[in-house]
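**Q** need a structure here:
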Amino acid sequence: MQNDVSEIVGELEKIEAEVRQEFGSLTAQQINWRPSPDGWSIGQCLDHLIKSNEGFYAEFDKLAAGTRKNSFWEKFSPLSSFAGSFLVKSLKADDKRVKTIPSMTPPSDIDAGIVETFARHQEGLTAKVKAIANADWQKTVVTSPFFGLMTYKLDDGMQAIVEHEKRHVRQAKRVLESGSFPK
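**A** Sure, this is the predicted structure:
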C-alpha cells in the first residue's frame, strides 16, 4: 500500500489555515484566557501540539536518512496493529478527557505569537512528512515517544498526529466560543 503523503500534508495544511483563521487575530489576553483553573487556553493547546509533534522528530529524521531499524519490541509486539487503530479512534472522540504526561503539559503563560509559531511548526512538520514519503509506513513500527510500551505502525502514527491536532484545535475553538471568553 502506498503512503498517502498528500493526504497527511493536506490535512496538516488545512489545520494550519484553520488555526490562522480562528486564532490569528487574538490578543495575548485572549490567547492565554482559560475557561477554568484546570482548563487549557488556546495558546496552551497550540503549545502542546508543537511539543508533542516534536517528540516524533528523531524517528522521522532517522527514517529520512535511511538509518532507522525496528527494535526487537517493535518487530514482535503483538499489539501494534490494535494499539494504532485504538489510538486514532480515541483521538477522534472528544467525549473523554485525557490527562497529558507532565513533559507535554504547557506552561500557563504563552507568548502571543503562538499562532505564528504553530504555523511555522506545521511547515516544518510537513517537510518532515514529505522527507519520509519513501519509508514503508505499513511495515515500520514505531514506539510512542510518550508511552514506551505502546507501538504502532507508522501509518497509524501519522493519522494519530493529524487527529491529535484536530482534537486540540476543537478544544481551542470551544475556549473561543465560551460565553466568558474576553471579547
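**Q** packing partners for the worst-scoring helix or strand of the chain on mean pLDDT?
**A** In the chain, the helix or strand scored least confidently by mean pLDDT, DSSP states H and E is helix 80-92, which has a mean of 83. For helix 80-92, the packing partners by 3 or more C-beta pairs under 8 Å, 6 or more residues apart in numbering; DSSP states H and E come out as strand 151-153, helix 154-177. Every C-beta, even on glycine, is put in place using the N, C-alpha and C of the backbone.
**Q** tell me how far the last one is from the chain's mean position?
**A** On the basis of C-alpha atoms, centre = their mean, to the nearest Å, helix 154-177 is displaced by 6 Å from the centre of the chain it belongs to.
**Q** and that helix with helix 80-92, angle?
**A** 10 degrees (axes from the mean of the first three to the mean of the last three C-alpha atoms, to 10 degrees).
**Q** which stretches in the protein count as strands?
**A** For the chain, applying DSSP state E gives strands covering 141-143, 151-153.
**Q** so what does the last one touch, helix or strand wise?
**A** Applying 3+ C-beta pairs under 8 Å, 6+ apart, one finds that strand 151-153 makes contact with helix 80-92, strand 141-143.
**Q** who wins for proximity to S180 among the ones you listed?
**A** helix 80-92 (27.1 Å; C-beta to C-beta).
**Q** and stretch 141-160, end to end?
**A** End-to-end distance for stretch 141-160, by C-alpha to C-alpha, to the nearest Å: 14 Å.
**Q** so for it, what gets flagged as buried?
**A** 141-145, 150-160 (16 or more other C-beta atoms under 10 Å).
**Q** can you check stretch 106-113 too?
**A** Buried, per 16+ other C-beta under 10 Å, within stretch 106-113: P106, I110.
**Q** so what's the gap between it and the chain middle?
**A** That offset, for stretch 106-113, works out to 17 Å (C-alpha atoms, centre = their mean).
**Q** before we move on, the earlier item: can you tell me which of the helices and strands packed on helix 80-92 the model trusts least?
**A** In terms of average pLDDT, strand 151-153 trails the rest of those, at a mean of 91.
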